[in-house]
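1. Here's my sequence, what's the structure:
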Amino acid sequence: MAPASPVTDDYLKTIYHHTEWQERRITPSQLAAELGLAPSSVTEMVQKLAAQGLVTHRPYGPVSLTPEGEARAKAVVRRHRLIETWLVREFGYTWDEVHEEAEVLEHTISDRLLTGIDARLGHPRFDPHGDAIPDAAGGVQREDFVLLADAAPGHEGRVLRVSDRDPAMLRAVETAGVEVGMVVSVVDATRVNAPAGMLSLPEGAARIVWLSA
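-> Prediction:
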């Protein structure tokens, strides 16, 4: 098995996350942009990961996780999302604050503490943003979904996920009244009907909100 390291974990987690909510595989240039690194550095690291049996990649092509790489990625994602959930429930963090804290803690807490956190939280299946938390065996529960931007007017569904990539947009969506788990009916890309009435969403919000299909 390839040795674990925070750098390796971050690469695997980013590759995994890219295809969670859409099917297109990530390219090295996209990976470089996601990680904020030079393309040449990313290309070199991808080659190392391929040599370790964690990813598959052909020159100028996309990057995919191998079964071992996916298992490693799910383990890191599990740590990250359990920590986010823990920080929100136990310490009162808001959902736009937890990502950066979890980025640090996921590399430092012990497996024993993680198991204790999971048990204390009641083995949650989803984090505060609606992303699935893999179980200890790597199993993931997810239902069919549609991006709000692609949902037809009149479509009714539960809010499954709000992306945490942009904290400012995340706060704006929360301020608009959107919550994970609420049932909404789509009017258009900037308006949905919710139990409390019509909600007006900020420009761009339709690209970060996912609904049940």
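2. all contacts plus neighbour counts: C-alpha atoms, from now on.
-> OK.
3. Could I get the pLDDT score of Q141?
-> On the pLDDT scale, Q141 is placed at 87.
4. How about the contacts made by it?
-> By CA atoms under 8 Å, 6 or more residues apart in numbering, the contact set of Q141 is R125, A132, P134.
5. and the gap between it and K74?
-> 13 Å (CA to CA, to the nearest Å).
6. Check G154 too.
-> G154 is 35 Å from K74, by CA to CA.
7. and the two? which has more neighbours close in?
-> A side-by-side neighbour count of G154 and K74, using other CA atoms under 10 Å, places K74 first with 25 against 13.
8. thinking again about what came up before, who touches both of Q141 and K74?
-> Counting by CA under 8 Å, 6+ apart, the residues touching both Q141 and K74 are P134.
9. For D111, grab the count of nearby residues.
-> Residues near D111, counting by other CA under 10 Å: 10.
10. Domain ranges for this protein, per the record?
-> Annotated domains of the chain cover 1-139, 145-212 [automatic domain parsing].
11. Does H107 touch P6 like I think?
-> Yes: counting by CA atoms under 8 Å, P6 is a contact partner of H107 at 6.3 Å.
12. And the helices in this protein?
-> 6-18, 28-35, 39-51, 67-91, 98-105, 111-120, 167-176 (DSSP state H).
13. Quick one: closest of the ones you listed to G61.
-> Set against G61 and scored by CA to CA, those come closest in helix 28-35, at 7.8 Å.
14. which residues touch that closest one?
-> Y11, T14, I15, A38, P39, V42, T43, V46, Y60, G61, P62, V63.
15. Also stretch 182-200?
-> 148-149, 151-159, 176-178, 201-203, 205-206.
16. now, which of those lie within strands?
-> Members of the contacts of stretch 182-200 lying in strands (criterion: DSSP state E): E156, G157, R158, V159.
17. Which one of those residues is nearest to D111?
-> For those, the nearest to D111 is V159 (31.4 Å; CA to CA).
18. What's opposite the closest one in the beta bridge?
-> According to DSSP bridges, the partner residues bridging V159 are L211.
19. just checking, it touches E179?
-> Yes: under the criterion of CA under 8 Å, V159 makes contact with E179 at 6.9 Å.
20. So for those two, which residue has more residues nearby?
-> Comparing V159 with E179 by other CA under 10 Å, the one with more neighbours is V159, at 23 against 20.
21. residues in contact with the more buried one?
-> Counting by CA under 8 Å, 6+ apart, V159 has contacts V178, E179, V180, G181, M182, V183, V184, V209, W210, L211, S212.
22. how about a cut-off of 6 Å?
-> V180, G181, M182, L211 (CA atoms under 6 Å, 6 or more residues apart in numbering).
23. what's the pLDDT at it?
-> pLDDT, V159: 97.
24. before we move on, what about the one 10 residues further on?
-> Per-residue pLDDT puts M169 at 93.
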